[in-house]
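Engineer: Any chance you could fold what I've pasted below:
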Amino acid sequence: ESFLQILDEPLEDGVPSFRNGKKQKGHAQVPWYFAGGLVLFWVMLFFAVVKPLFYRLPEPLTLEDIPKGGFIAERAQTNLYDFDAIGTKVVGSDNNEIKTVQFLLKEINLIKDNMNTELFDMEVDLQYAYGAYVKWNLVNMYQGIQNIAVKLTPKGSTSKNWVLINSHFDSQPTSPSTGDDGHMVVSILEVLRVMSSGNQSFDHPIVFLFNGSEENSLQASHGFIAHHRWAPNCKVLINLDAAGSGGREITFQTGPNYPWLVELYKKSAKHYFSTVMAEEIFQTGLVPSYTDFDIFVEYGNLIGLDVGQCINGFVYHTKYDRFDVIPRAALQNTGDNLLSLARSLSNSTEMRDLSANPNGTTIFFDVLGLYFIKYSVSTGEKLNYAVAAAAILLVYLSLLRTASVSKESKEKVLGWFVLVLVLQVIALVLAVGLPIAMAYGLDKYGFSLSYFSTPSLLIGLYSCPSLIGLALPSFIYLKLQNNKKVSFAQQVQLALHGHAIVLAILVIALTYYGIRTTYIITWTLIFYVIPLALNLLTTLHDRGFSWTGILKVIQVAPFLYNSYLCYTFIVIFIPMMGRYGLDTNPDLYIGGLTALGTVFSMGFLILLVNMSRRSGFVLLGLLAVTAFSVYAATSTGLGFPYRAKTNVQRVPYLQVRRVFYEFDGTVSKDESGYLFNFQDRHGPKPLIDAGVKLDGLVSMASDCSKYMYCGVPLYDHRWVESMEVNMWLPRETTVYTPGEPILELLNRTVLPDGQTLRLEFNLTCTDHTSIFIQPEADVEVTGWSFLTEYISTLTAPYHIYYSYGIDKTPLNFYVELKKPDGDFQVQTVQIGISAQYMSSEGDEEAIAFSKTFPDFSVTIQWPAFYKRFIY
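Structural biologist: Below you'll find the predicted structure:
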């Protein structure tokens, strides 16, 4: 009976209520099906408007459009086909250092041959870069890394401030890199082609940089900005990268601290896609990627725009990043924006004297790709506080109006509202807490990432619980309260007022802490303040549910924007969850993101279901959708995360041979196995379930506690960061490698102070090699041939990540070790050499093993050799 009482609602004016047998006045409610229809309307609006606009691409131009002087996607696509055909382009490989360089130089020379020589001069420079820098707690050292730089200069230009447009042509192992970053490489080629052959001159020279080592710890960008003769004049940057393939590119970093760049983007971009939220998220480190933009800013003090592909990140850094996943229209989208931005920057008056431009940060965002809004942070702060204050003031005036109309004291109305406000705080907690609880529950029982291939499950798993949390407190309150004077319509309005005050408080708090993304809540609140003001200025406020008419119309705007923004980050982040690490529950991020998107999109609208006579059935319907989604996620194939080719599980591992040499030169360990760096929450379980023989797979935690860097050939800083959760599968037969690193001790000298030992080495190794150095407890590294700033700021063990491109000369280096007692007849230092042979598939046994992996996975693997020496 109590359940029926909760579900029962007062009916039309003068109709007896089942709850108390008395007539309820002033709250004529709409039919029961209104509430369900209301929810379905907004869902349909999302699929009819938001998704099509999100995936919208321009009509690509063909060779017939060349006279128009625009970006010709057909030509860029032809270049992309040739780029893809080269295959993988790992630094040091022939594909990268010879074939790709030759391909680019050929295309650039063809462009130069067709240049408008009356307007432009063109210089082409092939740089061999050598250098080192400290990043990610290691020394990044490079030798013979190649950059192709093209300078396009207008005749008669005397400008000393140049534009730099950068992309990279190298790839990760196993990936042809057609999206990352071939898409951007051919876009730059076409922009160079169009600008150099056209009749539109400009003021400031442009350097088009095709860098040959971005995937390898961003080394080529450092090589250019630190050592190239053109670097001192490069002042403003457009950096082009990718974490996906085949869609619109997002501008996710600006400046830093130069608002005119955002203004230029607003005036110049043809297809807007940018938000300050992306910038703030990227700069927190939540995105497991890095770009050359950071190197140019840190080491060259450049400013600019960081632009990247972000859709279909499932193929990122895999063998499926191919030509066939990139539509021609995507190239047109990138090209239109890049060409317009390049022309605008190279003609901008701000480039003449960069120091004269005002500094500061900006709030910016596109609206469904159709409009672009920007304003300064100071303006944003004023707007935020003003909107929050207006919301509080108008809600207060509404409460006074309600008290007047209902002939109730304002104190009582305010008292009731305080209760409603508390309930709306609870509602917000539930709206976020229920999805988080769902994320914990699914992960606990091994069902995280169920949305990885079926993102529609997010609606039931996280959106519906969030909607239930938003609506439940006010639903219960409105069923149980027994207020005779305040109309039911006004009581529903009090619930919406409560939500508005909660948002106003959030706006004030987040603005105080300097969060620019607060604009989302501010604009959501604006579109509640406007209808509330209009209702107060008319009689609609006091005429039953008439006040909802204007509200529903105006709420279309925040719903469309907030659902668009939420969908943007869901599309970006879901693929990233497949490489977020074994020790992280990805559902917490996706569940929280979906919940917040639901709150901001539907926070006011879901409360309107209380207008219906049987609004309880909407909650039951949401609960039913949640239950069905949980069932689908846990008991059907829909919830299995992976799909062949399109949504694969990444399985990086190394075919390892490791040999430990003791102080006397004897070998204490010589063993082989496979070192796995599982990238998502499920780790080896789906592979074991699919029949892959992983018997004997063990954690590396024990070895990590005993040996320097776990005693294995860790590849780069990401492998180092995850070394304790890596896993080892022993192998009985010795792993074959195409070669092995040879560390030769050339000289062993005790320096005149009697306390310092100098060891000089020659290292013959592969193009991707790490040197690990661990002095004994009573020994200090006081000098070496690497960057001295590293040993002066960080503690042992030390990591030198060394790569070479076209120059394969062996590496000579020395280490100076200080030992207070001067006794060097005992061991003083351990040196580990980690050599990666990325161009090899491995021996027959390793190849056979790789073929046992299911088609829903993609292996990223190669042989590696580790040697540990003691001196």
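Engineer: So the residue nearest in space to the middle of the chain versus V315, what's the distance?
Structural biologist: By CA atoms, centre = their mean, the mean C-alpha position of the chain lies nearest to V287, the distance being 3.8 Å. Using CB to CB, to the nearest Å, we find V287 at a distance of 17 Å from V315. C-betas here are computed from N, CA, C, even on glycine.
Engineer: what bits of the protein have low per-residue confidence?
Structural biologist: With pLDDT under 70 as the threshold, the chain has low-confidence stretches at 1-29, 32.
Engineer: Next SSE downstream of the helix or strand containing L104?
Structural biologist: Taking DSSP states H and E as the criterion, the element that holds L104 is helix 101-113. Counting by DSSP H and E, the element after helix 101-113 in chain order, helix or strand, is strand 120-135.
Engineer: Using the three-state scheme, assign G822.
Structural biologist: Here G822 is recorded as coil under DSSP: H, G, I helix; E, B strand; the rest coil.
Engineer: Let the chain start at 422 from now.
Structural biologist: Sounds good: first residue 422 from here, last item G1243.
Engineer: tell me the contacts of it?
Structural biologist: By CB atoms under 8 Å, 6 or more residues apart in numbering, the contact list for G1243 reads 1171, 1175-1176.
Engineer: try L526
Structural biologist: L526 sits next to 545, 547, 569 when contact means CB under 8 Å, 6+ apart.
Engineer: now do T1067
Structural biologist: 735-736, 741, 874.
Engineer: cutoff 7 Å now
Structural biologist: By CB atoms under 7 Å, 6 or more residues apart in numbering, T1067 lies in contact with F735.
Engineer: ok, D1174 - how many residues close by?
Structural biologist: With neighbours defined by other CB atoms under 10 Å, the count for D1174 comes to 8.
Engineer: helix or strand for it, which one?
Structural biologist: D1174 belongs to no helix or strand, assigned by DSSP H and E.
Engineer: how close does it sit to T1203?
Structural biologist: Separation of D1174 from T1203 (CB to CB): 10 Å.
Engineer: for the closest residue to A1122 other than its chain neighbours, what are its contacts?
Structural biologist: Closest residue to A1122 apart from its sequence neighbours, by CB to CB, 6 or more residues apart in numbering: E1145 at 5.4 Å. Residues in contact with E1145 (CB under 7 Å, 6+ apart) are 1121-1122, 1125.
Engineer: Please apply the same query to G1018.
Structural biologist: G1018 is in contact with 983-984, 987, counting by CB under 7 Å, 6+ apart.
Engineer: if you set the cut-off to 10 Å instead, what comes out?
Structural biologist: 879, 883-884, 887, 941, 983-991 (CB atoms under 10 Å, 6 or more residues apart in numbering).
Engineer: Next, give me the two most distant ones among those residues.
Structural biologist: Pairwise distances across the contacts of G1018 (CB to CB) peak at 19.0 Å, for the pair L879 and I941.
Engineer: which phi and psi does W583 have?
Structural biologist: When read as degrees, to the nearest 10, the backbone of W583 gives phi -110, psi 160.
Engineer: Kindly report the same for G725.
Structural biologist: Here G725 shows phi and psi, under degrees, to the nearest 10, equal to phi 160, psi -150.
Engineer: go on, V1119?
Structural biologist: phi -130, psi 160.
Engineer: now swap in G1104 and tell me
Structural biologist: Per degrees, to the nearest 10, the backbone of G1104 is at phi 60, psi -130.
Engineer: That one: neighbour count?
Structural biologist: Residues within reach of G1104, counting by other CB under 10 Å, total 19.
Engineer: show me what contacts it?
Structural biologist: Contacts of G1104 by CB under 10 Å, 6+ apart are 1002-1004, 1070, 1072, 1097, 1118, 1146, 1148.
Engineer: okay if I get those residues as a markdown table plus secondary structure, neighbour count and distance to G729?
Structural biologist: Listed next are the contacts of G1104 as a markdown table, based on DSSP: H, G, I helix; E, B strand; the rest coil; neighbours: other CB atoms under 10 Å; distance: CB to CB, whole Å:
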| residue | secondary structure | neighbour count | distance to G729 |
| --- | --- | --- | --- |
| G1002 | coil | 19 | 21 |
| L1003 | coil | 17 | 26 |
| D1004 | coil | 11 | 26 |
| Q1070 | strand | 24 | 24 |
| V1072 | strand | 23 | 25 |
| F1097 | strand | 23 | 29 |
| L1118 | coil | 18 | 35 |
| V1146 | helix | 17 | 28 |
| M1148 | strand | 20 | 31 |
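Engineer: how far is the strand or helix carrying L946 from where the chain is centred?
Structural biologist: Following DSSP H and E, one finds L946 within helix 940-958. The chain centre lies 31 Å from the centre of helix 940-958; the measure is CA atoms, centre = their mean, to the nearest Å.
Engineer: Now do it: which elements does it pack against?
Structural biologist: Helix 940-958 sits against helix 697-705, strand 783-788, strand 792-797, helix 798-827, helix 909-933, helix 968-975, helix 977-997, helix 1007-1023, with contacts defined as 3 or more CB pairs under 10 Å, 6 or more residues apart in numbering; DSSP states H and E.
Engineer: any idea of the angle that helix forms with helix 1007-1023?
Structural biologist: 20 degrees (axes from the mean of the first three to the mean of the last three CA atoms, to 10 degrees).
Engineer: how far off helix 697-705 does helix 940-958 point, in degrees?
Structural biologist: Going by the same axes, to 10 degrees, helix 940-958 makes 150 degrees with helix 697-705.
Engineer: now helix 940-958 against helix 798-827, angle please.
Structural biologist: Using the same axes, to 10 degrees: helix 940-958 against helix 798-827 is 30 degrees.
Engineer: what angle do the helix or strand Y563 falls within and strand 541-556 make?
Structural biologist: Here Y563 sits within strand 559-575, counting by DSSP H and E. Strand 559-575 and strand 541-556 are oriented at 170 degrees to each other (the same axes, to 10 degrees).
Engineer: Partner strands of strand 559-575 and their direction?
Structural biologist: If you go by DSSP bridges, strand 559-575 pairs up with strand 541-556 (antiparallel), strand 627-632 (antiparallel), strand 1219-1225 (parallel).
Engineer: remind me, longest helix of this protein?
Structural biologist: When the chain is parsed with DSSP state H, its longest helix is helix 831-865.
Engineer: By neighbour count, which bits of that helix are buried? Give me those.
Structural biologist: 834, 837-838, 841-842, 844-846, 848-849, 851-853, 855-857, 859-860, 863-864 (16 or more other CB atoms under 10 Å).
Engineer: And for stretch 953-960?
Structural biologist: Buried residues in stretch 953-960 (16+ other CB under 10 Å): 953-954, 956-957.
Engineer: quick one: which helix or strand includes the nearest residue to T1019 once chain neighbours are set aside?
Structural biologist: Leaving out its chain neighbours, the residue that sits closest to T1019 by CB to CB, 6+ apart is S887, at 4.0 Å. Assigned by DSSP H and E, S887 belongs to helix 885-901.
Engineer: can you check A1053 too?
Structural biologist: Element membership for A1053 (DSSP H and E) is helix 1037-1056.
Engineer: before we move on, what about L682?
Structural biologist: For L682, the host element (DSSP H and E) is helix 680-689.
Engineer: Can you list the helices and strands that that helix packs against?
Structural biologist: By 3+ CB pairs under 10 Å, 6+ apart, helix 680-689 packs against strand 655-663, strand 670-676, strand 724-730, helix 749-768, strand 783-788, strand 792-797.
Engineer: buried sites along that helix?
Structural biologist: 680-687, 689.
Engineer: So which of those residues is the closest to E485?
Structural biologist: S689 (25.6 Å).
Engineer: In space, what's closest to the closest one - neighbours in sequence excluded?
Structural biologist: Excluding the flanking residues, the one nearest S689 by CB to CB, 6+ apart is S765, at 3.9 Å.
Engineer: For A663, see how far away that neighbour is.
Structural biologist: 23 Å.
Engineer: just P594 next, same as before
Structural biologist: Going from P594 to A663 by CB to CB gives 17 Å.
Engineer: higher neighbour count, these two?
Structural biologist: Remark: of P594 and A663, A663 carries more neighbours, 29 against 20, as counted by other CB under 10 Å.
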